[in-house]
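**Q** Got a predicted model here, sequence first, then my questions.
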Amino acid sequence: MTIQWYPGHMTKTKRMIQANLRLVDVVVEMLDARIPYSSKNPDIDGLAQNKKRIVVLNKAGLANERLTKAWQNHYESRGFSVVSTDCIDGKGVSAVVTAAKKAVDDKRERLKAKGRVSFTTRAMILGIPNVGKSSLINKIAKKNAAQTADRPGVTRDKQWIRVDNDLELLDTPGVLWPKFDEEVVGVNLAITGAIKDDILDTEQLAKRLIASLIKLNPDILSERYKLEAAQSDADEVLLNIGTKRGFLIKGGEIDELRTAVMLLDEFRAGKLGRVSLETP
């Protein structure tokens, strides 16, 4: 299932990021805690290589807690400061502020030694579409300063948000990279909602999700949808879920598209439990 999505505005976004990096002290890179590998844009390492870096594992409330900790250890071992957050309930958000300010302690001390009393940390928030950048900013700022929606591509331009006298945040549009070298990366991004649904084969995508869940733990599906037993065939499971939900069309056939949409929506909303699709 080959998935590629790189609309024209993302090229503009990448140029904008490059142009504004000189204005910031810290780069905060947000990843989806359910897919911390697939949601890491490889271009950001090159763009921000000379900046202080913080990795935020967002949507941690939807991810497996043990695996989120393992991913945190993984990225810390690579030299990043790592924070896990959930922008729904605000968990971990204050730690992002602390980490951003701490990252520039050396610069603050140098300026203080030169007689400059006040210093404002400026942080750029980067990440893939729909990872929660604007939601994080709104939680930090404690107001609806950045536009949000549960779909990719809402933020289309940069926006500076002043949090307090010590911190300013630069909200940026979500950006992917031109080509996914691994098929599973595109699939995982699509499953979690980072790619627009209207360009996807929804039924095939749902079957890929089913296959991943069966590999992780088949009981996830059988318990949620009251299936008779754990099953291994994704096509059969999708039909059985549709049967249990009563998604029928004329002639008594299962409405596979409706079933697929429901399954993806419920996974994204955490109704299947706290599930991570990747391990370090």
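**A** On my side now, so go ahead.
**Q** Just the buried positions in the helix ranked longest in the chain, please.
**A** Secondary structure of the chain per DSSP state H: the longest helix is helix 202-216. Buried residues in helix 202-216, counting neighbours by 16 or more other C-beta atoms under 10 Å, are found at Thr202, Glu203, Leu205, Ala206, Lys207, Arg208, Leu209, Ile210, Ala211, Ser212, Leu213, Ile214. C-beta: built from backbone N, CA, C; applies to glycine.
**Q** Kindly report the same for stretch 2-18.
**A** Ile3, Trp5, Met10, Thr13, Lys14, Met16, Ile17.
**Q** Could you list which of those residues belong to strands?
**A** For the buried residues of stretch 2-18, not one is inside strands, with DSSP state E as the criterion.
**Q** Sort those by pLDDT and name the bottom one.
**A** Within the set of the buried residues of stretch 2-18, pLDDT is lowest for Trp5 (84).
**Q** And for that one, nearest residue in space, chain neighbours not counted?
**A** Ile195 (4.7 Å; C-beta to C-beta, 6 or more residues apart in numbering).
**Q** Can you give me the domain boundaries for this structure?
**A** 8-171, 201-268 (automatic domain parsing).
**Q** Please produce a markdown table containing those domains, extended by distance to Arg274.
**A** Listed next are the domains of the chain as a markdown table, based on distance: least, C-beta to C-beta, whole Å:
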| stretch | distance to Arg274 |
| --- | --- |
| domain 8-171 | 5 |
| domain 201-268 | 10 |
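**Q** averaging pLDDT over each of those domains, which comes out lowest?
**A** Within the domains of the chain, confidence is poorest for domain 8-171, with a mean of 90 (mean pLDDT).
**Q** what residues does stretch 78-85 touch?
**A** Identification of contacts with stretch 78-85 by C-beta atoms under 8 Å, 6 or more residues apart in numbering yields 33, 53-58, 60, 68-69, 72, 75-76, 91-93, 95-96, 99, 102-103, 132, 136.
**Q** how about the domains of the chain, which one is nearest Thr279?
**A** Nearest of these to Thr279, taken as C-beta to C-beta: domain 8-171 at 6.0 Å.
**Q** Most widely separated two among the buried residues of stretch 2-18?
**A** Top of the distance list for the buried residues of stretch 2-18 (C-beta to C-beta): Ile3 and Met16, 24.8 Å.
**Q** Run through the helices of the stretch 1-150 of the chain in chain order.
**A** 8-20, 42-47, 65-77, 93-102, 105-113, 133-141 (DSSP state H, counting those that start in this stretch).
**Q** correct me, but the residue nearest to Trp5 touches Val185?
**A** No. Using C-beta atoms under 8 Å, Ile195 is not in contact with Val185, being 10.7 Å away.
**Q** Give me the buried stretch members for stretch 231-241, please.
**A** Ala234, Val237, Leu238, Leu239, Asn240, Ile241.
**Q** And that stretch, how far out from the chain middle?
**A** How far stretch 231-241 lies from its chain's middle: 28 Å, per C-alpha atoms, centre = their mean, to the nearest Å.
**Q** cool, stretch 214-222 as well?
**A** 23 Å.
**Q** do stretch 161-177 as well
**A** In terms of C-alpha atoms, centre = their mean, the centre of stretch 161-177 is found 16 Å from the chain centre.
**Q** Which of the buried residues of stretch 231-241 sits closest to Arg22?
**A** When the buried residues of stretch 231-241 are compared against Arg22 (criterion: C-beta to C-beta), the nearest one is Ala234, at 48.2 Å.
**Q** Could you give the backbone dihedrals for that closest one?
**A** phi -60, psi -40 (degrees, to the nearest 10).
**Q** what's near enough to touch it?
**A** Contacts here follow C-beta under 8 Å, 6+ apart; on that basis Ala234 touches Lys207, Arg208, Ile210, Ala211, Ile214.
**Q** and if we set it to 10 Å?
**A** Applying C-beta atoms under 10 Å, 6 or more residues apart in numbering to Ala234 gives the contacts Gln204, Ala206, Lys207, Arg208, Leu209, Ile210, Ala211, Ser212, Leu213, Ile214, Leu221.
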